[in-house]
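Enquirer: for reference, the sequence and a predicted model appear below.
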Amino acid sequence: MVTLGFFIVLVVTVLVYWLLPRSPVRTGFLTLASLGWIAANDPLSAAVVLALAAYAYFMGNLIAARRTPLVHRLGVGGILAVLAFFKFAGLLDAAVADIGRFAGALPEFHLSHLLLPLGISYITFKYISYLTDIHWKLIAPGKFIDVLCYGSLFTIFAAGPIERYERFGPQLREAAPEFLVAYLDEGLYRIAFGLFKKLVIADWIGYFIDPVWRSPASYDPAIRLLALAGYSIQIYTDFAGYSDIAIGSSRCFGLTIMENFDWPYVQPNISMFWRHWHISLSDWLRDYVFFPLSRVSQRRVWLLGAVPLIAMGLCGLWHGTAWHFILWGLWHGAGIAALQWWRAFLRAHPGVRVVPTGWWTRTASALLTFTFVTAGWLWFRG
Amino acid sequence: MEEKLIAFIREEFLTDPSQDITPDTKLLSSGLVDSFSLVSLQAFIEKEFGKRIPAPRITVQSFDTVRQMVRVIGQF
């Protein structure tokens, strides 16, 4: 996303957008420009977002008309099938090649040639929330152009935030009719801030720590620990920088996109960390995985143990189809489960003395949480 | 409704049950109540008041105080 091409497209699109009469012409132009940008980077992704938008539009109207759990499940199941197909296509590759060789006459076909479309994880999660929110009667189905714009908006396409249609759709309909300098002022400031985080902090940390990560055996344990802590800061500033650029770029069109990070490394426990880290993803998981899973059973072992592990394991899988991502998710799931059990224990034993809350306990808690999260990055980086 | 919610929150969520809670006490943003614990609050509201509140409405912005909870419950 941080390419010269992106910023050229952004400047040209912003200029034309504000010269056009108000919505829906502006929305149509923004959608076309977004599809053009996506197609230039990955034609398959443009085709996928078009198909998924048409599917979500159709299923959204069907869910609103029928209001049955079955139609909702069919709608979400279809999107999940697309996500699973692209995510696991590479893993099935060897099996399909073997079958091809066995059949002999068949031409050899590699599923992995269907590369993972750009932004597929984000598009699918956005459309699942769209269909589910219609099913829960939180929103009404949108017009096709709005639904397509929601899935394809190039400023948030590749790396989020995973905005909700409930906030996004009305902005397209009620978009400010007049251009305001404040939009550019706020947007450009945010972009500059994001570029600073990404290019100055994250990339420079990477310059120092990458050699240690490449050949850790050549360095002292203390240097390796520093490189791990450095990676913790690097991944935060890199991703938060991307989010700033995405939010700032969207602001140039007068759009307000949800925040994605809010001082995650100073939070006192792992639950609070996830409320401040990749907020759009953690909110999504909470609303569409954690809560529904929790309704399956009221048993303590399920609610306090299994649900956090499953939800965070899926969070890891969403980041990539590799065991180290799943282990990273399970690490966090185990942390959340441990916190839940500890709180349940304290509630059940009111006589147990805990350390009184003060600035130093809060600092120690934040340091402990940072250490836990940083250790988890070992799994994540693989 | 406020009294029932306060009694449930004090009983189920607080590690110090003697802590004072008013309808305007900030529960989520202050960290008194863990957002992951809210599933049992959702189940309690459904059982006690017959209202199923969708998860996207149970947020720090809309569900932080008992007064806000009552307002949201009234919308369903």
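Expert: Thanks, I have it.
Enquirer: for chain B, what is the nearest residue in the stretch 1-150 of chain A?
Expert: residue A:136 (4.0 Å; Cβ to the nearest Cβ). The C-beta positions use only the backbone N, C-alpha and C, and glycine is treated the same way.
Enquirer: state the distance from that residue to residue B:71.
Expert: 18 Å (Cβ to Cβ, to the nearest Å).
Enquirer: show me which of these two is the more surrounded one.
Expert: residue A:136 (18 against 12; other Cβ atoms under 10 Å in any protein chain shown).
Enquirer: residue B:58 is in contact with the more buried one, correct?
Expert: No - counting by Cβ atoms under 8 Å, residue A:136 does not reach residue B:58; the two are 11.8 Å apart.
Enquirer: residues touching residue A:351, list them.
Expert: Shown here is residue A:351, which makes no contacts under the criterion Cβ atoms under 8 Å, 6 or more residues apart in numbering or on different chains.
Enquirer: with residue A:134 instead?
Expert: By Cβ under 8 Å, 6+ apart, the contact list for residue A:134 reads A:60, A:63-64, A:140-141.
Enquirer: could you redo the last one with a cut-off of 7 Å?
Expert: Contacts here follow Cβ atoms under 7 Å, 6 or more residues apart in numbering or on different chains; on that basis residue A:134 touches A:60, A:63-64, A:141.
Enquirer: for the residues you listed, work out which two are farthest apart.
Expert: Greatest spatial distance in these: A:63 and A:141, 7.8 Å, computed using Cβ to Cβ.
Enquirer: neighbour count for the two, which is higher?
Expert: Just comparing residue A:63 and residue A:141: by other Cβ under 10 Å the higher neighbour count belongs to residue A:63, 27 against 22.
Enquirer: kindly export the helix or strand harbouring the more buried one (C-alpha atoms) in CSV.
Expert: Assessed by DSSP states H and E, residue A:63 sits inside helix A:43-66. Output in CSV follows, covering the C-alpha atoms of helix A:43-66 (Å, rounded to 0.1, in the frame of the first residue of the first chain):
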residue,chain,number,x,y,z
PRO,A,43,-7.0,-8.9,-11.5
LEU,A,44,-8.2,-12.1,-9.7
SER,A,45,-8.9,-10.0,-6.6
ALA,A,46,-11.0,-7.5,-8.6
ALA,A,47,-13.1,-10.4,-10.0
VAL,A,48,-13.5,-12.0,-6.5
VAL,A,49,-14.6,-8.7,-4.9
LEU,A,50,-17.1,-8.1,-7.7
ALA,A,51,-18.5,-11.7,-7.4
LEU,A,52,-18.6,-11.5,-3.6
ALA,A,53,-20.4,-8.1,-3.7
ALA,A,54,-23.0,-9.4,-6.0
TYR,A,55,-23.5,-12.5,-3.8
ALA,A,56,-23.7,-10.4,-0.6
TYR,A,57,-26.1,-8.0,-2.2
PHE,A,58,-28.4,-10.9,-3.3
MET,A,59,-28.1,-12.8,-0.1
GLY,A,60,-28.6,-9.6,2.0
ASN,A,61,-31.9,-8.9,0.3
LEU,A,62,-32.9,-12.6,0.7
ILE,A,63,-32.1,-12.6,4.4
ALA,A,64,-34.1,-9.4,4.9
ALA,A,65,-37.1,-10.9,3.0
ARG,A,66,-37.1,-14.3,4.6
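Enquirer: touching it from outside, list them.
Expert: Residues contacting helix A:43-66 (Cβ under 7 Å, 6+ apart): A:35, A:38-39, A:71-72, A:75, A:78-79, A:82, A:115, A:117-120, A:123, A:127, A:130-131, A:134-135, A:140-141, A:144, A:147-148, A:151-152.
Enquirer: give the buried residues for it.
Expert: Neighbour counts using 16 or more other Cβ atoms under 10 Å in any protein chain shown place A:44-46, A:48-50, A:52-53, A:55-57, A:59-64 of helix A:43-66 among the buried residues.
Enquirer: likewise stretch A:212-220?
Expert: For stretch A:212-220, a neighbour-count test (16+ other Cβ under 10 Å) marks residue A:212 as buried.
Enquirer: span of it from start to end?
Expert: Criterion Cα to Cα, to the nearest Å; first-to-last residue distance in stretch A:212-220 is 10 Å.
Enquirer: hmm, who's touching that stretch?
Expert: A:223-224, A:227.
Enquirer: so for it, what's the average pLDDT?
Expert: On average, the pLDDT along stretch A:212-220 is 91.
Enquirer: so residue 22: helix, strand or coil?
Expert: This is for chain A. coil (DSSP: H, G, I helix; E, B strand; the rest coil).
Enquirer: meant chain B actually
Expert: Here residue B:22 is coil, with the state taken from three-state DSSP.
Enquirer: what about it, how many residues nearby?
Expert: Residues near residue B:22, counting by other Cβ under 10 Å: 10.
Enquirer: chain B contacts on chain A?
Expert: Neighbours of chain B within chain A, by Cβ under 7 Å from any Cβ of the partner chain: A:133, A:136, A:138, A:268, A:271-272, A:275, A:286-287, A:290-291, A:294, A:303, A:308, A:336, A:340, A:343, A:346-347, A:350.
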